[in-house]
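In: what follows is a predicted protein model with its sequence.
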Amino acid sequence: MSTWFDEPVTCFACTTTFTARLAHGVHATRAPEVREQLFARTFHRVTCPACATVFTAQRGLVYTDMDRRHWLQVAREDERPRWPELEPATRDIFDRAFTGSPLAQPLCEGMRVRLVFGLEELREKLVIWRANLDDATVECLKLDAVVHEPALLHAQRIVLDEVTADGALALAVDGERQLTIPTELVERYHDDPTLPRRFPELFGGTFVSAHRLLGHRYRWVDPT
């Protein structure tokens, strides 16, 4: 079941601290409205009682959807530089949740386990999987965009905003600028079997993000 608690939240506009009801864990199978709130960007939206500023409260949580086989550890956005430490911790948390009992073991089969930072990255994964796309391949497409437009290296966040009716990807750059990846390129990448060999960092881990290659804390050690 989902778990909610009253927690202090500080308004970024006027620094007033107030109490808001925030989730520590969300089970979308039993609370499908949360999934829709994430798509609509209304989940954890709060209003400051002092200045009426509306913003999204940030906190870590676990999002699960047993029907769709989704399990995501959602860390705060400001924790992204710590991904090398948080990635193995995410796998450990998942393993402890499902391997402690033989009865729970079947529940983890086929589960997509991911570490994301902030609700926008959580929403992005849900948008990708709703369109039956592979998130690692989408991250490869972001790298392709950076190669063709090096200025994107300075972007703080590039996330998939939506998949258009014809299969093109609409990316949001730092929450403002829109960048479109055409359908033909999306299909070509999803049909490319060489991607796991070319970009092993993006396939097999729980932190499936181009930030692994573009972020300042990137480090990759070949296990062989």
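Out: Structure received.

In: quick check: buried residues in the longest strand seen in the chain?
Out: The longest strand of the chain (DSSP state E) is strand 17-27. Within strand 17-27, the residues that qualify as buried are 20, 22-23, 26-27, counting by 16 or more other C-beta atoms under 10 Å. Quick note: C-beta positions are derived from backbone N, CA and C, even for glycine.

In: wait, which of the residues you listed is closest to residue 55?
Out: Nearest to residue 55 among the buried residues of strand 17-27: residue 20, at 10.4 Å, using C-beta to C-beta.

In: that closest one touches residue 46, doesn't it?
Out: Yes: between residue 20 and residue 46 a contact is recorded at 4.6 Å, counting by C-beta atoms under 8 Å.

In: shared neighbours, these two?
Out: Residues touching both residue 20 and residue 46 (C-beta atoms under 8 Å, 6 or more residues apart in numbering) are 9, 57.

In: where are the low-confidence patches of this structure?
Out: Applying pLDDT under 70 to the chain picks out residues 1, 100-106, 216-224.

In: report all helices and strands that the longest helix seen in the chain contacts.
Out: For the chain, the longest helix by residue count, based on DSSP state H, is helix 83-99. Packed against helix 83-99, as judged by 3 or more C-beta pairs under 8 Å, 6 or more residues apart in numbering; DSSP states H and E, are the following elements: strand 70-75, strand 112-117.

In: which other helices and strands contact the longest strand of the chain?
Out: Applying 3+ C-beta pairs under 8 Å, 6+ apart, one finds that strand 17-27 makes contact with strand 3-10, strand 61-65.

In: partner strands of it and their direction?
Out: According to DSSP bridges, strand 17-27 forms sheet pairs with strand 3-10 (antiparallel), strand 61-65 (parallel).

In: in CSV, list those strands along with mean neighbour count and distance to residue 209.
Out: Formatted as CSV, these follow (neighbours: other C-beta atoms under 10 Å; distance: least, C-beta to C-beta, whole Å):
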stretch, mean neighbour count, distance to residue 209
strand 3-10, 12, 26
strand 61-65, 22, 16
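
In: reformat the ones you listed as TSV; add distance to residue 142.
Out: Shown next, in TSV, are those (distance: least, C-beta to C-beta, whole Å):
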stretch	distance to residue 142
strand 3-10	31
strand 61-65	22
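
In: for residue 32, which of those is the nearest?
Out: strand 61-65 (8.8 Å).

In: neighbours around residue 144, how many?
Out: The number of residues packed near residue 144 is 15, by other C-beta atoms under 10 Å.

In: list the contacts for it?
Out: 181, 185, 189.

In: and these, which are buried?
Out: 181, 189.

In: export the helices and strands packed on helix 83-99 to a markdown table and tack on mean neighbour count?
Out: Shown next, in a markdown table, are the helices and strands packed on helix 83-99 (neighbours: other C-beta atoms under 10 Å):
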| stretch | mean neighbour count |
| --- | --- |
| strand 70-75 | 22 |
| strand 112-117 | 22 |
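
In: now those strands as a markdown table including distance to residue 139?
Out: A markdown table is the format used below for those (distance: least, C-beta to C-beta, whole Å):
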| stretch | distance to residue 139 |
| --- | --- |
| strand 70-75 | 15 |
| strand 112-117 | 11 |
